[in-house]
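Engineer: Just need the structure, nothing else, for what follows:
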Amino acid sequence: MAKFLKGEGKNYKVLAFIDPFGMSIKWDSIRRLKGLGIDLWILVPTGIGPNRLLTKSGIIPESWLEKLELFLGLPKEEIKSSFYKKKNQLNLFGIDEYQKEKHSVELLHEICRKQLNNVFSFV
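Structural biologist: Model prediction:
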């Protein structure tokens with residue numbers, strides 16, 4: 001859609017409804033719509049998809065972090081620091097432990113809203 005609107009469709013105005021299946025939409029696809037004649041309505045599945053990939057322990061498989069990175073448009077380090085806080089004590093093996101923030105769904109909403117505000121003028 002972005003390619004069309006930048007080319008032969010540059011004089012068109014578009015209303016797009018996006019209802020992704022789980023986390024099937026990549027943030028880069030939304031970012032490409034910046035500055036184009038488009039009103040976007042998107043259903044963001046923050047409670048189902050991304051929240052399930054955020055483990056309680058903070059130990060997230062690399063493949064899950066990559067999915068979160070593609071979906072949220074944030075680097076892995078920022079994702080981890082947004083959703084986890086370091087506990088004040090080490091575990092029995094001397095390794096830092098992390099605890100998931102209690103309001104992770106609300107944090108996901110806020111991150112999505114912030115990211116969308118970077119692309120569109122009104123969210």
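
Engineer: what comes up buried for stretch 103-122?
Structural biologist: Residues of stretch 103-122 classed as buried: 104, 107, 108, 111, 112, 115, 116, 119 (neighbour count, 16 or more other CB atoms under 10 Å). C-beta coordinates here come from the backbone N, C-alpha and C atoms, glycine included.

Engineer: ok, so of these, who is nearest residue 25?
Structural biologist: Set against residue 25, the nearest of the buried residues of stretch 103-122 by CB to CB is residue 112 (11.2 Å).

Engineer: Centre of the chain to the host helix or strand of that closest one, how far?
Structural biologist: Following DSSP states H and E, one finds residue 112 within helix 104-119. Its chain's average C-alpha position is 7 Å from that of helix 104-119, according to CA atoms, centre = their mean, to the nearest Å.

Engineer: Who are the packing partners of it?
Structural biologist: Counting contacts by 3 or more CB pairs under 8 Å, 6 or more residues apart in numbering; DSSP states H and E, helix 104-119 packs against helix 27-31, helix 49-53, helix 62-72, helix 76-83.

Engineer: I'd like these laid out as CSV, including mean pLDDT.
Structural biologist: Shown next, in CSV, are the helices and strands packed on helix 104-119 (pLDDT from 0 to 100):
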stretch, mean pLDDT
helix 27-31, 92
helix 49-53, 86
helix 62-72, 93
helix 76-83, 88
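
Engineer: Switch these over to a markdown table; also include mean neighbour count.
Structural biologist: Listed next are the helices and strands packed on helix 104-119 as a markdown table, based on neighbours: other CB atoms under 10 Å:
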| stretch | mean neighbour count |
| --- | --- |
| helix 27-31 | 15 |
| helix 49-53 | 17 |
| helix 62-72 | 16 |
| helix 76-83 | 16 |
